[in-house]
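Visitor: Give me a model of this one.
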Amino acid sequence: MNSKRKLVLSKSFEKAFFKFTKKNPLLKNNIEKAIQLLENDAYSSQLKTHKLSGNLYGLFACSCGYDCRIIFSIEKDSGYEIILLIDIGTHEEVY
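Guide: Next up is the predicted model:
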């Protein structure tokens with residue numbers, strides 16, 4: 001793990017994660033792998049990270065399996081890169 005990068009889970013993400021994995025227990029492993037990848041390299045080609053527009057402008061999304069997206073922001077704070085996980089769900093739920 002890069003010591004200059006911190007992964008932070010927002011309360012809304014934690015709530016959405018719990019709800020989503022309860023409905024889709026088979027995706028939990030994929031989601032956990034995606035979160036680990038995010039922490040190591042938010043732009044890993046496996047994640048298909050992309051910038052969002054519209055009312056989610058300034059945020060990013062990545063894929064964590066079929067029709068599963070994580071919405072996050074990347075912020076800089078005193079030399080650290082902070083990856084703030086904001087939401088998770090299907091394409092339809094998060095956009």
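
Visitor: which stretches of the chain form helices?
Guide: Here the chain has its helices, by DSSP state H, at 11-23, 28-40, 91-94.

Visitor: Point out the most buried one among those.
Guide: Stretch with highest mean neighbour count among the helices of the chain: helix 28-40 (a mean of 16; mean count of other Cβ atoms under 10 Å). Placement of C-beta: from N, CA and C, glycine included.

Visitor: Who are the packing partners of the worst-scoring helix or strand of the chain on mean pLDDT?
Guide: None of the helices or strands of the chain scores lower by mean pLDDT, DSSP states H and E than helix 91-94, at a mean of 90. Under the contact definition 3 or more Cβ pairs under 8 Å, 6 or more residues apart in numbering; DSSP states H and E, helix 91-94 sits against strand 69-77.

Visitor: Mean confidence (pLDDT) on the strand it packs on, please.
Guide: Averaging pLDDT along strand 69-77 yields 94.

Visitor: Listing partners with orientation, what would you give for that strand?
Guide: strand 60-63 (antiparallel), strand 80-89 (antiparallel) (DSSP bridges).

Visitor: got the angle between the last one and helix 11-23?
Guide: What that stands for is strand 80-89. Counting by axes from the mean of the first three to the mean of the last three Cα atoms, to 10 degrees, strand 80-89 points 40 degrees away from the direction of helix 11-23.

Visitor: How many residues are close by residue 55?
Guide: Neighbours of residue 55 under the rule other Cβ atoms under 10 Å: 7.

Visitor: tally of neighbours for residue 81?
Guide: For residue 81, the neighbour count with other Cβ under 10 Å is 14.

Visitor: Not counting sequence-adjacent ones, nearest residue to it?
Guide: Closest residue to residue 81 apart from its sequence neighbours, by Cβ to Cβ, 6 or more residues apart in numbering: residue 5 at 4.6 Å.

Visitor: what sits against the residue nearest the centre of the chain?
Guide: Centroid-nearest residue in the chain: residue 70, 3.5 Å away (criterion: Cα atoms, centre = their mean). Residues counted as contacts of residue 70 (Cβ atoms under 8 Å, 6 or more residues apart in numbering) are 13, 31, 34, 35, 38, 61, 62, 64, 85, 87, 88.
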